[in-house]
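Student: no sequence for this one, just the structure:
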């Protein structure tokens, strides 16, 4: 019985151990494991969007069409050795593009499905003055696609983690590649456990 009481006390005291939480500025770079993180995502998106918006394709489009280009982000594939939530990277890219004011942006395929369902509902339930009709969507002029790759070089407890992000902007009209961008990140991680 005493042994059970001692074990129970140890379990309870272990569970009551204090957890320390420290709030950080979301723009602060914190690299704990050397793996791809929020800072890599944000900085890569900022750098690559600044590059795509400063290339000749955008001026050529505006001079030919007389309006800003309309862009959609397609798939960004994770071809790395680790789990990367590419949705946050896509969100970072979308935010940078939209907030630049230099391009217009259309909803993703998933978002369009939800909006189309809402339009069908409005068709049945909304007044004529507030109803949004189907068939009024704006098509994208360009789609941005890409991939994230890694190379890991390791020995004993030291790693070099190399990330390469390749993005391509493709004309929807004729499949021309109008911009190809690349961003590279290299990290030296010491006392690392080998993670793939």
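Tutor: Alright, I've got the coordinates. Given the structure is predicted, the values throughout are model-derived calculations rather than measurements. Numbering: from 1, shown residues only.
Student: Helix or strand with the lowest mean pLDDT in the protein?
Tutor: Ranked by mean pLDDT, DSSP states H and E, the weakest helix or strand in the chain is helix 2-15, scoring a mean of 61.
Student: hey, where'd the helices end up in the protein?
Tutor: 2-15, 38-53, 56-65, 86-100, 109-125 (DSSP state H).
Student: Could you list the low-confidence segments of this structure?
Tutor: Applying pLDDT under 70 to the chain picks out residues 1-17, 21-32, 192-196.
Student: So the spatially most central residue of it versus residue 145, what's the distance?
Tutor: Closest to where the C-alpha atoms of the chain average out (C-alpha atoms, centre = their mean) is residue 89, at 1.2 Å. Distance, residue 89 to residue 145, by C-beta to C-beta, to the nearest Å: 12 Å. Glycine gets a C-beta too; all of them are placed from N, C-alpha and C.
Student: quick one: common contacting residues for those two?
Tutor: Shared contacts of residue 89 and residue 145, defined by C-beta atoms under 8 Å, 6 or more residues apart in numbering, comprise residue 76.
Student: mind checking how far the residue nearest to the centre of the chain is from residue 78?
Tutor: Separation of residue 89 from residue 78 (C-beta to C-beta) stands at 9 Å.
Student: what residues are shared contacts of those two?
Tutor: residue 148.
Student: returning to what we had before: neighbours of the nearest residue to the residue nearest to the centre of the chain once chain neighbours are set aside, how many?
Tutor: Nearest non-adjacent residue to residue 89, counting by C-beta to C-beta, 6 or more residues apart in numbering: residue 41, 4.6 Å away. Residue 41 is flanked by 21 other residues according to other C-beta atoms under 10 Å.
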